[in-house]
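>>> structure here, sequence nowhere to be found:
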């Protein structure tokens, strides 16, 4: 019995270690979008608020309908010796894919994007760890030496001033991961911490951060601490004007993410055509179709709400939530398009029964 217990414990340990490896080593590649994000706005960096804060640059995220700006901010490192690898958008197989950022002992690949302040395309030149203290390079960081004493000055030269925010594709950054960056991506790492997740959520919930609203120039470019959108904020000094792709104005399902976002279906109203039996049958068919479509709306809404609750219980990452929202939007659009086609098909079947017969032509004279 002791041997069996030991064997069971051994396999439980192996399963736990395997789960931990996945949790620490998987790098998120989540949602895809058919058009590129706006350029990065130009802004000044807010002062570092204290020791061991690491700069996390701002970037454009996706909420299932629109790009929105996540302001850059200073974040306490989750572990001594850890650096932040920023997220980035990369072109692949006809779409732009979002690669989630992460913490790790080495900086991985972030698309060759010039985020500034030490993140100039490859690696990080904004500071270094010395035992349990982080030392800041004042040449690229805004550091008040009366608050933070661990500083140094080291000139950094970089070639590109580009504000392009994506890798590959038409007009994108032409950069590839080095062997060291690939190794960092596969190594142990930590997902964005709770304060970062909250920071992202607050930015997402503010309509002014949407690219279609601010046209590429968000009202706040950076903050001194996560979620601090009232004090210590920095506004962009300049930004390229962004025009979002035209939406289909006559397609309400295109912008809807959940069934509750859709305008409710109008209850069918029968227009008598003169044949009482046909009119009554058509009215019954319309009512049955209306009831079934309403039930499908409710069922999909309940299913998506359950998935939202599961994500909250599992404390899912922002990338996982964005991927879920994109899936919800696709489900909602497909359902609504199917409903419209069903309604049109029923109308097409009904109309020919009431069309007047073509007039007889008068016989031609010989």
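Good, I have the coordinates. As the structure is a prediction and not an experimental result, all values here were calculated from the model.

>>> which helix or which strand is home to residue 321?
Counting by DSSP states H and E, the element that carries residue 321 is helix 318-350.

>>> same check on residue 32?
If you go by DSSP H and E, residue 32 is part of strand 29-33.

>>> name the next helix or strand downstream of that strand, please.
Immediately after strand 29-33, counting by DSSP H and E, sits strand 53-56.

>>> so how far is that following strand off the chain centroid?
Using Cα atoms, centre = their mean, to the nearest Å, the mean C-alpha position of strand 53-56 is found 21 Å from that of the whole chain.

>>> same thing with stretch 295-303?
Taking Cα atoms, centre = their mean, one finds the center of stretch 295-303 at 24 Å from the center of the full chain.

>>> need the contact partners of it.
By Cβ atoms under 8 Å, 6 or more residues apart in numbering, the surrounding residues in contact with stretch 295-303 are 258, 259, 260, 262, 265, 331, 332, 335, 339. (Glycine included, C-beta is placed from N, CA and C.)

>>> list the buried residues of it.
For stretch 295-303, burial by neighbour count (16 or more other Cβ atoms under 10 Å) applies to 297, 300, 301.

>>> where's the first one, which helix or strand?
Residue 297 is located in helix 276-314, with elements delineated by DSSP H and E.

>>> what angle do helix 318-350 and the host helix or strand of residue 98 make with each other?
When elements are assigned from DSSP H and E, residue 98 belongs to strand 95-99. Relative orientation of strand 95-99 and helix 318-350, computed by axes from the mean of the first three to the mean of the last three Cα atoms, to 10 degrees: 150 degrees.

>>> and strand 95-99, what other elements does it pack with?
If contacts are counted by 3 or more Cβ pairs under 8 Å, 6 or more residues apart in numbering; DSSP states H and E, strand 95-99 sits against strand 29-33, strand 88-92.

>>> how far does stretch 301-318 sit from its chain's centre?
The chain centroid and the centroid of stretch 301-318 are separated by 15 Å under Cα atoms, centre = their mean.

>>> cool, and stretch 101-110?
Relative to the chain's own centre, stretch 101-110 is displaced by 19 Å; criterion: Cα atoms, centre = their mean.

>>> what of stretch 233-244?
Chain-centre distance of stretch 233-244: 19 Å, with Cα atoms, centre = their mean.

>>> all good on my end, thank you.
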